[in-house]
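Peer 1: any chance you can model this:
(one chain, ligands or ions: 1)
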Amino acid sequence: MTSTTVTPIGHWADGAPFAGASDRAADVTNPATGRVTGHVALASEADAQHVIAAAARAARDWRETSLARRTQVMFAFRELLNSRKEELAEIITAEHGKVHSDALGEIARGQEVVEFACGISHLLKGGHSAGASTGVDVHSTRQPLGVVGIISPFNFPAMVPMWFFPVAIASGNTVVLKPSEKDPSAALWLAELWKEAGLPDGVFNVLQGDKVAVDALLQSPEVAAISFVGSTPIAEYVYEQASRAGKRVQALGGAKNHMVVLPDADLDLAADAAVNAGYGSAGERCMAISVLVAVEPVADDLVARIADRTRTLVIGDGRSGQDSGGEERESDMGPLVTRAHRDRVAGFVQSGQQAGAKLVVDGREVEARGDRDGFWLGPTLFDHVTPEMEIYTEEIFGPVLSVVRVGSYDEALALVNSNQYGNGTAIFTNDGGAARRFENEVEVGMIGVNVPIPVPVSYYSFGGWKRSLFGDTHAHGTEGVHFFTRGKVVTSRWINPAARPEGGLELGFPRND
Ligand code: NAD
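Peer 2: The predicted structure is shown next:
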């Protein structure tokens with residue numbers, strides 16, 4: 001067995017690494033080999049206060065830094081990220097397990113938000129009304145909040161933080177990012193990149209840890225707002241705690257995304273989409289399709305096409321490599337993030353079988369191209385799933401696709417709308433009228449029409465409905481700018497010495513005339 005170096009992974013504060021004084025740490029593993037590659041510090045309360053204080057000290061100067069300077073730094077960061085993204089992709093693959101091309105895809109979607117934030121000057125413009133009343137002008141302005149906390153999940157260690165921090169920083173806030181303890185290194189790489197781009201020390205900080213670190217952010221009077229992404233129970237907890245502490249909060253939670261296939265759909269397109277969106281990133285995407293709602297009579301045909309496609313997929317180490325014929329061939333799907341998560345997902349496969357769903361493809365039998373200690377589970381396909389089964393009600397967050405058969409569009413719509421989650425959904429059809437009706441009637445935040453993972457582009461906002469989002473503001477786009485700034489309206493009167501004398505006593509409510 002080859003020995004692996006175990007790297008200590010710490011925090012980042014005041015523009016430099018910060019080890020902290022906590023004696024708690026967690027293992028970070030390479031999911032493709034099962035080996036421990038790092039020990040990430042789990043912050044103590046005092047460590048958290050140290051990092052938050054760095055952000056608070058930097059906040060005053062950063063909010064006074066000109067828009068021109070702030071956007072110059074943003075452009076520099078964008079250029080560095082674009083030219084060095086391969087390094088970041090390798091870090092993501094090594095700790096998360098997703099394949100290299102998918103890691104690059106996640107970076108590209110995050111970079112889009114950086115590019116959006118480069119235009120922040122336009123988005124921060126206020127309004128001005130000259131002569132709103134006699135001799136009175138009114139203008140509006142938006143100002144930063146101060147220190148903002150970003151708490152992110154394991155499944156997008158680069159993209160999810162980038163949904164928030166470019167907009168927060170460009171708007172004049174300072175940031176404490178608390179990444180997932182499962183893949184904490186991407187955040188540190190991003191911190192170093194910010195420094196190279198010329199961001200002043202203390203504007204972007206990284207706090208590693210678990211509940212202790214999260215609670216410190218939620219309770220700190222220095223932290224004005226929280227952007228959270230993760231599972232629904234934790235999102236709800238974060239929303240409640242942060243609101244109680246008087247903070248602005250957006251908490252994005254879990255999902256169970258349905259893809260509805262109508263009888264007139266192109267079944268090859270639908271089968272390709274189901275496989276890509278069901279098994280890409282091993283199903284560990286908040287916008288993954290986990291339920292396929294087949295409107296009869298398409299189910300038999302669709303299930304057969306999906307099953308055929310799963311057999312062509314290469315499951316293995318996410319780093320690019322060569323196949324047995326010496327051809328360069330990247331795996332299509334990597335391992336799951338941890339052994340415990342792989343075992344949990346395998347437990348759901350057993351539960352589905354016991355509940356009577358038809359197991360068409362069993363991912364537990366996968367022959368992965370990689371280390372036998374990797375956390376492998378292949379694509380799994382269930383047919384004849386019913387809404388009472390645990391594999392339907394729970395968010396599995398793995399490569400398990402459940403087919404529910406229904407008799408009509410109305411039944412499909414009722415199923416989607418009765419689900420507790422409302423993150424993303426898709427409809428596959430060639431009937432524009434049906435698609436338009438679905439768009440209007442479905443209670444979900446992000447909808448795809450013949451598009452399986454409808455993640456909005458950066459200048460629109462990302463967010464779900466129901467128990468997929470607590471709070472009312474979605475991520476990035478203009479909603480993101482709104483979240484990270486507060487509005488002020490200024491009403492001013494300047495005396496015109498050439499006009500009649502102003503002033504005098506008048507105790508009535510001011511009138512506009
Ligand atoms: P998670 O809820 O376990 O962790 C998210 C963050 O919360 C991490 O930083 C973690 O350290 C912290 N955390 C965990 N337990 C905590 C506790 N008891 N108290 C305080 N903080 C705690 O989620 P995960 O497993 O890292 O990520 C997967 C989940 O995230 C899935 O449910 C997925 O749907 C969801 N997700 C949602 C979106 C979205 O846009 N809605 C995007 C990505 C992921």
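Peer 1: centroid-nearest residue for this protein?
Peer 2: Val160 (3.5 Å; Cα atoms, centre = their mean).
Peer 1: and that one, what does it touch?
Peer 2: By Cβ atoms under 8 Å, 6 or more residues apart in numbering, Val160 lies in contact with Ser152, Pro153, Val229. (C-beta placed from N, C-alpha, C; glycine too.)
Peer 1: how far off centre is the helix or strand hosting Leu193?
Peer 2: Element membership for Leu193 (DSSP states H and E) is helix 185-197. Remark: helix 185-197 is offset 18 Å from the chain centroid, using Cα atoms, centre = their mean, to the nearest Å.
Peer 1: same question, stretch 444-454
Peer 2: Counting by Cα atoms, centre = their mean, stretch 444-454 is centred 16 Å from the centre of its parent chain.
Peer 1: how about it, does it get close to the ligand?
Peer 2: No - using Cβ under 6 Å from any ligand atom, stretch 444-454 stays clear of the ligand, coming no nearer than 9.0 Å.
Peer 1: hang on, the earlier thing: which among the contacts of Val160 are in contact with the ligand?
Peer 2: Subset of the contacts of Val160 in contact with the ligand: Ser152, Pro153, Val229, counting by Cβ under 6 Å from any ligand atom.
Peer 1: out of those residues, which comes closest to the ligand?
Peer 2: Pro153 (3.0 Å; Cβ to the nearest ligand atom).
Peer 1: for the closest one, which non-adjacent residue is spatially closest?
Peer 2: On the basis of Cβ to Cβ, 6 or more residues apart in numbering, the spatially nearest residue to Pro153 that is not a chain neighbour turns out to be Gly230, at 4.4 Å.
Peer 1: cool, and Gly445?
Peer 2: Per Cβ to Cβ, 6+ apart, closest to Gly445 is Gly464, 4.1 Å.
Peer 1: so the one you found sits right up against Val442, yeah?
Peer 2: No - using Cβ atoms under 8 Å, Gly464 makes no contact with Val442, being 11.8 Å away.
Peer 1: what's the neighbour count on the residue of the stretch 201-350 of the chain found nearest the ligand?
Peer 2: Closest residue of the stretch 201-350 of the chain to the ligand, Cβ to the nearest ligand atom: Gly230 (2.6 Å). Neighbour count of Gly230, defined by other Cβ atoms under 10 Å: 22.
Peer 1: give the contact list for it.
Peer 2: Gly230 makes contacts with Ile151, Ser152, Pro153, Val238, Leu252, Gly253, as judged by Cβ under 8 Å, 6+ apart.
Peer 1: could you measure it against Glu181, distance?
Peer 2: Per Cβ to Cβ, to the nearest Å, Gly230 is found 12 Å from Glu181.
Peer 1: and if you look at Ala414?
Peer 2: Noted for Ala414: a distance of 40 Å to Glu181, by Cβ to Cβ.
Peer 1: of these two, which one has the most company?
Peer 2: Ranked by neighbour count (other Cβ under 10 Å), Ala414 and Glu181 place Glu181 first, with 19 against 12.
Peer 1: which pLDDT value belongs to the more buried one?
Peer 2: Per-residue confidence at Glu181 stands at 98 (pLDDT).
Peer 1: got it, and Ser324?
Peer 2: Among the per-residue scores, Ser324 shows a pLDDT of 59.
Peer 1: kindly report the same for Phe509.
Peer 2: 81.
Peer 1: Thr5 now?
Peer 2: Looking at Thr5, its pLDDT is 89.
Peer 1: tell me which element it falls in.
Peer 2: Using DSSP H and E, Thr5 falls outside every helix and strand.
Peer 1: burial count for it?
Peer 2: When neighbours are counted by other Cβ under 10 Å, Thr5 registers 6.
Peer 1: cool, and Ser140?
Peer 2: Count around Ser140 with other Cβ under 10 Å applied: 13.
Peer 1: give me the phi and psi for the residue nearest to it when sequence neighbours are not counted.
Peer 2: Spatially, and ignoring its direct neighbours in sequence, Ser140 is nearest to Gly126 (4.0 Å; Cβ to Cβ, 6+ apart). The phi/psi pair for Gly126 (degrees, to the nearest 10) reads phi -100, psi -170.
Peer 1: measure Gly126 to Ala25 for me?
Peer 2: 47 Å.
Peer 1: more neighbours: those two, which one.
Peer 2: Counted by other Cβ under 10 Å, Gly126 and Ala25 do not tie: Ala25 has more neighbours, with 18 against 12.
Peer 1: report the contact partners of that one.
Peer 2: Pro8, His39, Val40, Ala41, Leu42.
Peer 1: tell me which element the first one falls in.
Peer 2: Just to be clear, that refers to Pro8. Using DSSP H and E, the element containing Pro8 is strand 7-9.
Peer 1: which of the ones next to the ligand among the contacts of Val160 fall within strands?
Peer 2: Counting by DSSP state E, the part of those found in strands is Val229.
Peer 1: what about Gly407, how many neighbours?
Peer 2: If you count neighbours by other Cβ under 10 Å, Gly407 ends up with 10.
Peer 1: for it, which non-adjacent residue is closest in space?
Peer 2: Of all residues not flanking Gly407 in the chain, Glu296 sits nearest, at 5.6 Å (Cβ to Cβ, 6+ apart).
Peer 1: contacts only, for that neighbour.
Peer 2: By Cβ under 8 Å, 6+ apart, Glu296 lies in contact with Pro263, Arg405, Val406, Gly407.
Peer 1: having no further points to raise, I will conclude here.
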